[in-house]
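*Asks:* sequence unknown, structure follows:
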């Protein structure tokens, strides 16, 4: 039985990432080429497809774990009748070879420990050729090589490598796993103890730059560290999650690859970084954004690879059962080629917010922004697949039209505020037409609420964005009516669902968890409406879902009382930061409307 999603912690080196379970098993390690399918473990909790386990060989009485304060260095403490041992996990921040370091430290008595290493490449489909080398082994398959260094004797049997040893109080044993190209010489060994301490200092220095000093500083700091860990340092791109195909419903088919960068995250991410004082990271993200969308606006993707790749073909890996038999397992994402009108609004808003916060403009930034705006002015009347990437056909989604309004609005304000050139009279006319159309066709008078699509009766949590982006002021009765309708129609045990998942709105079988970012948006709306007690209560309820090391996935299943969806999820942690900022009086999600 695989570990629950919330039983994992994240480590990474700003190029790659791994997930470590409470049981001492590393069940997911993405190697540097995200697009190649090279990976150490194929899917969480499936030992036959690869894992690296270090834990006591006997009965464990208690497990405690924590990140070292302000770092991505993880410590998992195992308590047994005979002794207590800690496994220290980290990936050193680096520019070249990735290393996965694990140090076993005895803290009480004598603890018998067991090591098990199962290496598989290409999502579990390839068993590598393993050879012994001094102090460990080398595993090669195709372009990839893993080198394992061990201070204790190893046993190879049945395509597994095992070791047993005992660690006494005060003793430490260090293990390393390093990746390299198979046609290159094996990667050089690293000094584990020195590398861990250097990594510790690096993260402490980075997290010490956080300028947020509000009541939720620990949660905000952990979320920012997580966003940094999900950043691909060479390009500045921030991947949506470290995993693929963790289900939105256990046993279901809503299993997507999130090791990709979404344009939709642009403004949220930018504001979270800038509000916390991480200007360089915001600049790098903005740079990735500009490069990714450069070209024909009509050919803009909604998501890109970490380096800006546009081709992200979706494949199903039929040899994998999936997490808790949730299939199919997918890599790549076919939604990358959908037409989603709202992403243009996010991109134009991010460009505007970057200028407003003093980031020097990209050389070609306004030329790209102006071209995107002109495209939206022509295309806004077209149906699209919408924010939730429906696979049941294009519709006139209200949220999409609102974000088309945002695109025009931010472009106009860019001209007015920064003296840029643009056909503002034409843009104003189009902006006003969009606003009028949305208010006429996207609002249902019988319900007293905006609705998912023009002329429909279905609700949609994306409509909570209407006051956040400044489309209507919070005082407008239509905003209040929409919030009240969503409270009645989309709330489940205190959390917000994206839409009524009992239907097949998106062309897929019904059923999923509550979408955490939407619940953060509800807290933002409460704040804007002056319902401060409700805002804080909702925010605290969301914080209670963080696992023991402060991480959130994409969704939460209130019935099963467990996290679901890919993990950890950048969108959830970005929303956490922005809502904390808003409730603390800083510019966060709720601050966008004041700047529009």
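*Replies:* That came through fine. Only a predicted model underlies this, so the values are computations on that prediction, with no experimental measurement involved.

*Asks:* mind listing the helices in the protein by residue range?
*Replies:* Secondary structure of the chain (DSSP state H): helices at 192-207, 217-229, 266-275, 279-293, 342-356, 365-379, 398-418, 424-441, 465-468, 477-489, 516-528, 532-543, 570-583, 592-595.

*Asks:* what about the residue lying closest to residue 550 once chain neighbours are set aside, how many neighbours?
*Replies:* Distances taken as CB to CB, 6 or more residues apart in numbering place residue 222 nearest to residue 550, at 3.7 Å, with adjacent residues excluded. Where C-beta positions appear, they are placed from N, C-alpha and C, glycine not excepted. Residues lying near residue 222 (other CB atoms under 10 Å) number 24.

*Asks:* On the pLDDT front, check residue 222 for me.
*Replies:* We note a pLDDT of 98 for residue 222 in this prediction.

*Asks:* again with residue 104
*Replies:* Reported pLDDT for residue 104: 98.

*Asks:* so how far is residue 415 from the nearest residue to it once chain neighbours are set aside?
*Replies:* Once flanking residues are discounted, residue 104 sits nearest to residue 173: 4.7 Å by CB to CB, 6+ apart. To residue 415, residue 173 is 63 Å away according to CB to CB, to the nearest Å.

*Asks:* quick one: which of the two has more around it?
*Replies:* With neighbours defined as other CB under 10 Å, residue 173 and residue 415 compare such that residue 173 has more, 21 against 18.

*Asks:* and the gap between that one and residue 150?
*Replies:* Counting by CB to CB, the gap from residue 173 to residue 150 is 8 Å.

*Asks:* which residues does the residue nearest to residue 104 contact?
*Replies:* Counting by CB atoms under 8 Å, 6 or more residues apart in numbering, residue 173 touches 103, 104, 113, 151, 152, 165, 167.

*Asks:* 7 Å instead, please
*Replies:* 104, 151, 152, 165, 167 (CB atoms under 7 Å, 6 or more residues apart in numbering).

*Asks:* Neighbour-wise, which one of those residues leads?
*Replies:* In the contacts of residue 173, the most neighbours by other CB under 10 Å go to residue 104, 25 neighbours.

*Asks:* What's opposite that one in the beta bridge?
*Replies:* residue 87, residue 173 (DSSP bridges).

*Asks:* isn't it right up against residue 167?
*Replies:* Yes. At 5.4 Å, residue 104 counts as touching residue 167 under the criterion of CB atoms under 7 Å.

*Asks:* Need the overlap of contacts for these two.
*Replies:* Taking CB under 7 Å, 6+ apart as the contact rule, residue 104 and residue 167 both touch 85, 113, 173.

*Asks:* So the second one sits against residue 57, correct?
*Replies:* If I follow you right, that is residue 113. Yes. Between residue 113 and residue 57 there is a contact under CB under 7 Å: 6.3 Å.

*Asks:* Need the nearest residue in space to residue 495, chain neighbours excluded.
*Replies:* Spatial nearest neighbour of residue 495, excluding adjacent residues (CB to CB, 6+ apart): residue 514 at 3.5 Å.

*Asks:* Would you check that that neighbour makes contact with residue 494?
*Replies:* No. Taking contacts as CB under 7 Å, residue 514 lies outside contact range of residue 494: 8.6 Å.

*Asks:* on that earlier part again, any chance of the helices of the chain in TSV with distance to residue 16 as columns?
*Replies:* Shown next, in TSV, are the helices of the chain (distance: least, CB to CB, whole Å):
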stretch	distance to residue 16
helix 192-207	14
helix 217-229	10
helix 266-275	20
helix 279-293	18
helix 342-356	26
helix 365-379	30
helix 398-418	33
helix 424-441	42
helix 465-468	33
helix 477-489	39
helix 516-528	25
helix 532-543	28
helix 570-583	16
helix 592-595	33
